[in-house]
Structures are given as C-alpha cells and as structure tokens.
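K.L.:
Sequence below, structure please.
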Amino acid sequence: MSGPLRLSAREILALVADSAAAFDELPHPARESAPDGPLAWPGYDASRARAAARTGETESVVCGVGRVEGTRAVLIAFEFGFLGGSLGERTGDRLEAAYRHARDHRLPVVALVATGGSRMQEGMVALTQLQRVARQSALTRQAGLAQIAVLRDPTTGGGWATLGAGADVVLALPGAQVGFAGSRVRPPDADPAAYTAEAQVAAGSADAVVEPGALRETLGRWLRLLTRPSREPAPVPRALGAQDLPATGWDAVLRARSPRRPRADAYLDAYFTVRAAIGGDRCGGTDPDGMRCGFGEHRGRTVAYAAQTGTATRPAGYRTATRLIRLADRLGIPVLTLVDTPGAANDAEAERQGAGAAIAELFGAVATARTPVTTLVIGEGGSGGALALAAPGRTWATPDSYFSVIAPEAAAAILKRPPGEAEATAGRLRIRPQDLAELGVVRTDLP
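P.N.:
Okay, the predicted model is just below:
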C-alpha cells in the first residue's frame, strides 16, 4: 500500500500556481554564517551541501509571489528533501522576508508546509526561529491579510505549531502525517491514526482534507473569498417558507418545529453561488450537525456565514462561530448569521466542554465586531443559545420562526404550571415574529 503523496517544493508550487510564469521567486536574504553553523556542528556544512546537490535548493523553503486561479499571493513551499524541511537561521530569514513582502504589497500568504520541525544542528538558534515566524504571522494577521496553510506529508513540530496551526484556514493533503510530535519522539504505544490530517480535521484543528487534483481550485476559491473586503452589510435573505404570519404563539412554535420548514442548508444554497466551509473550534472540537460556518459569494461579494441547523448547539459550534466572526472582522468581510436552535446543548458533556464560556465568547465577538453582522431567525430561537448569534439592531425573523426567553414548555415548568399550560404560555411570552417586531426585538422590513 502506497503512502501519502510527497512532492518537492517545486512540484507543489507547480501544482497550485497557474503556471511557471505565474511564480516569481523572492530574492534570498544574504547571511554569513560560521563554519558548520552557529554550534560548529561537525559535518553540518557538508550535510547542507549534499542536501543542495540532491534537491537543487539552497534552503528548506522556496518563497515567491504567484497567481492561484488568478489571485496573487505570497507562496511559501517547504522542501522536505533539504534536511527534512527543518527550520534554521536561513530558513527564518527567508520566511521573515516573505511575510514582510506580503504586508508591503497587501498580499495573502499561502504556506505549503512539509517539515520535521527545528534543525538539530543549530540547536536553540533554530528553535527561536519559531518566535520569528510567529511574530511575522501575527503582524500579517494584524495587517488584515489572510493566511492559508496546506499541510503536506509530514507536518510536525514547530512548523505545524506556527505556519500550520496558526493559519486562518488549514487544508491538508490526504494521509499526511500531522502532529506536534514527530514519528521518532512519540510514546511507543501512541496510536498513529491520531497523527494524521484526517484526525486533525476530526479534532477541529484543520478545516478540510483536499485531494491534490483539487488543490489549486480549492485554494483559488479561498483566496478569492478572503481578499474581497466590503463595508456594506450582508443583505437579508428572503423567507423561503411560510409567508403568512402565525395566528398564535403556539402556532409559531409548531411552524418552527415542523420538519417541512426550510433549514439552514436551504437558505445557504439559495443565498450563495459559491461556498467554502471552515470546520472546528481549534480547541479539539467540532459541531458538524449543529453549526455551519464559512465564506460564500453573494451577488459578487464575499459574505461570511454562521448558521445554526435546528439542533441544540454544542460548545464547539459556538467556538467555531466565534472563530468565523473574528476572522471576518479582521478581514473586513460582512457576516450573515442564521438563528435556528431549541437552545444550547445542556447535557453534562456540554458543561464539561465549557458551554457557558463558549457562549460568552460568541456574545463578545458579535458585540465587538467592527464589520456589519446581519441576522435572520429562520426557525427556533431558543434563549441565550440563540441570542448569542443575533446582531443587536440588525435581526429579522421569518414568518415560520419564534424567539423566546425559553421554550414555552420549560417556561411553564419553571412557573410551576401544569404541562397543558404550555400553549397558553407561548401566547403570553409574545414570541411570534409580529410580537417581536412590536417589542423592538426584530426589524420588520424583511424582504
């Protein structure tokens, strides 16, 4: 059985760049180093010379500017054949120069990572290059420029912990070995399946596994979406379900809970011509059944989206939405949120995963976002678990939705009323769209 695909730096560049002519290599920073490097490691110069003869490269990274599906970006490609793609002083020089060029020319950065980590022959001097890389990445983030990482085989050590995991969007090639611990330093009983691209996606540390043949198209889509800022709010989607308003509060509840009502996927499909999803909260969790997050194209503009799907939202779902809103805010991209949940997940596992803290982070992200946020309630609006995703002053509600301080059944129970009082309680709570508009909770100018 063959292993994961391993490509040289030039091969991966040829795979993603529109053409050889579409890639211009950046000049190499000049650095004079002592014989055998900063540690005078015996034979180090000879090792570098052999690596150069074998790969045709003079360092473990190739940096330049290229076009991917028409979008210009700084491309950083690691050459694993050069001392395991390890990071040394000269690697740090090239990476720093590449990030500076990106900021100077307002270009996104795509890192095509394949590295075993820091270079042993340079000791702590090599390890501190991670601080240089982390600083350059942070400065580029502050400049409002997107960073995308593609994890190749292998991506381990500090390269994964900086260029890889620190990117805004993390893609990976199938079967790539990905993990902070390289294969030679893991516990002997460690499960190798945990150190794969697929495992990192499942754990929420990477967004997607992409086949090599689809990589250029996928990167091109992401680069187009992430490089089109806009100050205009996202337009409100039109209501796809019922057009007449509910007669009673309980009617509103039944409509919102109907399995025939349009859900988030239907709204996203109708609103966007192109979509690209992010997945995972970068804290070890995902909520694929409860939250959809990503970026899409609506009438030629990029709009970010975070959409609940009608289930109880897990803590990882809230954290993924927070990640989405903060990224969109930094890139100057408007956000659309779709509210549809009976409430936040309230089981014991959700509490152990920090449900309260996750909801608090989302409240904060929405409250402090500088980019405009537009919200449409498309189904159930269950308490704070729904409100956390709603934009103050820019929330609309469809005729087949409701928004309530708590579900009517739970409200009746809290008020110590018999179960049969749930319907009457729904009316008293004034949870219909028209009630919410009269209360000033939602806006009335729904398309």
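
K.L.:
ok, the residue nearest to Ala193 when sequence neighbours are not counted to Ser205 distance?
P.N.:
Spatial nearest neighbour of Ala193, chain neighbours left out: Ala199 (6.0 Å); criterion: C-beta to C-beta, 6 or more residues apart in numbering. Yep, even glycine has a C-beta here, placed from its N, CA and C like the rest. Separation of Ala199 from Ser205 (C-beta to C-beta, to the nearest Å) stands at 9 Å.

K.L.:
returning to what we had before: okay, the residue nearest to Ala193: pLDDT?
P.N.:
Listed pLDDT for Ala199 reads 95.

K.L.:
got it, and Pro4?
P.N.:
83.

K.L.:
thinking it is in contact with Val178, fair?
P.N.:
No - the pair Pro4 and Val178 fails to qualify as a contact (C-beta atoms under 8 Å) at a distance of 10.1 Å.

K.L.:
Pick out whichever of those two has more residues nearby.
P.N.:
Val178 (28 against 16; other C-beta atoms under 10 Å).

K.L.:
Contact partners for that one?
P.N.:
Val178 sits next to 151, 154-156, 160, 164, 172, 195-197, 199-200, 206 when contact means C-beta atoms under 8 Å, 6 or more residues apart in numbering.

K.L.:
That one belongs to a strand?
P.N.:
Yes - with DSSP: H, G, I helix; E, B strand; the rest coil as the criterion, Val178 is part of a strand.

K.L.:
Now do the strands in the stretch 251-400 of the chain.
P.N.:
Ranges of strands in the stretch 251-400 of the chain, per DSSP state E, counting those that start in this stretch, are 274-278, 291-298, 301-308, 335-341, 373-382, 395-397.

K.L.:
and those as JSON lines, adding mean neighbour count, mean pLDDT and distance to Ser47?
P.N.:
What follows is the strands of the stretch 251-400 of the chain, written out as JSON lines (neighbours: other C-beta atoms under 10 Å; pLDDT from 0 to 100; distance: least, C-beta to C-beta, whole Å):
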{"stretch": "strand 274-278", "mean neighbour count": "18", "mean pLDDT": "97", "distance to Ser47": "40"}
{"stretch": "strand 291-298", "mean neighbour count": "23", "mean pLDDT": "98", "distance to Ser47": "43"}
{"stretch": "strand 301-308", "mean neighbour count": "26", "mean pLDDT": "98", "distance to Ser47": "46"}
{"stretch": "strand 335-341", "mean neighbour count": "27", "mean pLDDT": "98", "distance to Ser47": "50"}
{"stretch": "strand 373-382", "mean neighbour count": "27", "mean pLDDT": "97", "distance to Ser47": "53"}
{"stretch": "strand 395-397", "mean neighbour count": "26", "mean pLDDT": "97", "distance to Ser47": "62"}
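
K.L.:
now for those strands, which one comes closest to Ala247?
P.N.:
Of all those, strand 395-397 sits nearest to Ala247, with 15.9 Å by C-beta to C-beta.

K.L.:
mind checking how far the residue nearest to Ala193 is from Gly249?
P.N.:
46 Å.

K.L.:
the more surrounded of those two?
P.N.:
Legend: neighbour count by other C-beta under 10 Å for Ala199 and Gly249, higher for Gly249 (23 against 16).

K.L.:
is it true that that one touches Gln434?
P.N.:
No - using C-beta under 8 Å, Gly249 is not in contact with Gln434, being 10.6 Å away.

K.L.:
low pLDDT regions in the protein?
P.N.:
1-2 (pLDDT under 70).

K.L.:
try 90 this time
P.N.:
1-5, 19-22, 28-34, 180-195, 406-426, 444-447 (pLDDT under 90).

K.L.:
Tell me which residue is most central in it.
P.N.:
The centroid of the chain falls nearest to Ile278 when counting by C-alpha atoms, centre = their mean (4.2 Å).

K.L.:
how much space is there between that one and Arg119?
P.N.:
32 Å.

K.L.:
isn't there a strand covering Ala411?
P.N.:
No - counting by three-state DSSP, Ala411 is not found in a strand; it is helix.

K.L.:
How many residues are close by Gly144?
P.N.:
The number of residues packed near Gly144 is 13, by other C-beta under 10 Å.

K.L.:
Spit out the contact partners of it.
P.N.:
229, 330-332.

K.L.:
Remind me which helix or strand it belongs to.
P.N.:
According to DSSP states H and E, Gly144 maps onto no helix or strand at all.

K.L.:
Torsion angles phi and psi at it?
P.N.:
phi 80, psi 30 (degrees, to the nearest 10).

K.L.:
Repeat that for Ala172.
P.N.:
Dihedral pair for Ala172: phi -150, psi 150, per degrees, to the nearest 10.

K.L.:
cool, and Glu32?
P.N.:
Main-chain torsions, Glu32, degrees, to the nearest 10: phi -90, psi 120.

K.L.:
What is the burial count for it?
P.N.:
Glu32 has 4 nearby residues by other C-beta under 10 Å.

K.L.:
how much space is there between it and Leu139?
P.N.:
Taking C-beta to C-beta, one finds Glu32 at 26 Å from Leu139.

K.L.:
same deal with Ala49?
P.N.:
From Ala49 over to Leu139 (counting by C-beta to C-beta), the distance is 34 Å.

K.L.:
Neighbour count: these two, which is higher?
P.N.:
Taking other C-beta under 10 Å, Ala49 and Leu139 do not tie; Leu139 has more neighbours (15 against 11).

K.L.:
Leu336: what's it in contact with?
P.N.:
With contact taken as C-beta under 8 Å, 6+ apart, Leu336 is in contact with 234, 237, 271, 303-307, 373-376.
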